[in-house]
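**Student:** No sequence on hand, only this structure:
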């Protein structure tokens, strides 16, 4: 049996590293197209319409049940035959096309569930409160729902991306030369020798890429999660120099000095309108947005009265709504 040569690991690394760009390009292309498909499927799941929901569920279930390498062979051998029956010849297409097509399908099924679960993890009362404050549907989603849903989705998105990168190593089975493909070529050139050294080099490369991804997403999650910090007694009711404001206070939605720096809101007891939306997003009171819907605000106040901890806000909001009527 041939002895183990640790020095050959460095030789293998030097030969394989130039192909990292192919692996990363495959991952990014798959992430883009698979993410778009996943958004469409997640949208169909969230809308709760029978036909679209059933189609989306069937798509996710079927794709998840097919092994990656089986779907890769189906796309590589079956898609050209299918399109050829319609007069389209893709037999000369790059292998990159088949790899990205295959893994985009697989990635979209996972991302559809990631998008759906992160969206549904956000309290619907926050969207309703934003609409009551005068925001449009698009503004409520962009300013209130999306920033929080992104924080919820990041860990699962990172896990899906790492899995995608490792599953992409199967692309060498159809002749694509990426990191794994180059490693297999080295083993073949040496007639099966130095296989252990090459696989150790591949493991080090994938470990390094995974570590970079996890650290990057960890820092991104920390940055996006800063807005979730609550006020503490030692901060004097301020977080990062921003006063906690209560809206609406004026007829045009501009704050007139109503602030609450004494009450420290709790997640389970604070009124949705005051604490969960506008205290975190004072932009909701900017001039130029449509008038607050005080009828919806009144309904929100009644629905959350049992867990309200800010009677001053509720009374002032009710009085102002009555004066408008």
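**Tutor:** Received it, and whenever you're ready, just let me know what you need. Just so it is clear, the model here is predicted, and its values are computed rather than measured.

**Student:** the longest helix in this structure is where?
**Tutor:** In the chain, taking DSSP state H as the definition, the longest helix is helix 195-224.

**Student:** Tell me which residues of it come out buried.
**Tutor:** By 16 or more other CB atoms under 10 Å, the buried positions in helix 195-224 come out as 197, 198, 199, 200, 201, 202, 205, 206, 209, 213, 217, 221. C-beta here means a position set from N, CA and C on the backbone, and glycine is covered the same way.

**Student:** just stretch 17-24 next, same as before
**Tutor:** Neighbour-count burial for stretch 17-24 [16+ other CB under 10 Å]: 19, 22, 23.

**Student:** Stretch 59-69 too?
**Tutor:** 59, 60, 63, 68.

**Student:** wait, the third one sits on residue 108?
**Tutor:** In this case it means residue 63. Yes. Counting by CB atoms under 8 Å, residue 63 touches residue 108, with 7.5 Å between them.

**Student:** any low-confidence regions in the stretch 1-150 of the chain?
**Tutor:** For the stretch 1-150 of the chain, the stretches with pLDDT under 70 are 1.

**Student:** That one: helices as residue ranges?
**Tutor:** Secondary structure of the stretch 1-150 of the chain (DSSP state H, counting those that start in this stretch): helices at 7-16, 20-47, 50-65, 68-73, 79-84, 95-120, 124-132, 137-140, 146-167.

**Student:** Residue 174: which of these is closest?
**Tutor:** Minimum separation from residue 174 across those (CB to CB) falls at helix 95-120, 5.7 Å.

**Student:** Next, residue 6: phi, psi?
**Tutor:** Torsion angles at residue 6 (phi, psi; degrees, to the nearest 10) stand at phi -60, psi -30.

**Student:** So it versus residue 15, what's the distance?
**Tutor:** Computed with CB to CB, to the nearest Å, the distance linking residue 6 and residue 15 is 16 Å.

**Student:** Compare neighbour counts for those two and give me the winner.
**Tutor:** Each of residue 6 and residue 15 has its neighbours counted (other CB atoms under 10 Å); residue 15 has more, 16 against 9.

**Student:** got the contact list for that one?
**Tutor:** Contacts for residue 15 (CB atoms under 8 Å, 6 or more residues apart in numbering) come out as 182, 186.

**Student:** what's the answer for residue 150, then?
**Tutor:** 118, 224.

**Student:** where in the stretch 151-300 of the chain is pLDDT low?
**Tutor:** In the stretch 151-300 of the chain, residues with pLDDT under 70: 227-300.

**Student:** angle of the longest helix of the chain against helix 146-167?
**Tutor:** 180 degrees (axes from the mean of the first three to the mean of the last three CA atoms, to 10 degrees).

**Student:** Mind giving me the packing neighbours of helix 195-224?
**Tutor:** In this structure, helix 195-224 packs against helix 7-16, helix 20-47, helix 146-167, helix 179-189, with contacts taken as 3 or more CB pairs under 8 Å, 6 or more residues apart in numbering; DSSP states H and E.

**Student:** Next, format those helices as JSON lines and append distance to residue 113.
**Tutor:** Converted to JSON lines, those look like this (distance: least, CB to CB, whole Å):
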{"stretch": "helix 7-16", "distance to residue 113": "33"}
{"stretch": "helix 20-47", "distance to residue 113": "8"}
{"stretch": "helix 146-167", "distance to residue 113": "8"}
{"stretch": "helix 179-189", "distance to residue 113": "27"}
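
**Student:** Run through who's touching stretch 21-33.
**Tutor:** 96, 99-100, 103-104, 107-108, 161, 164-165, 168-169, 171, 176-180, 209.
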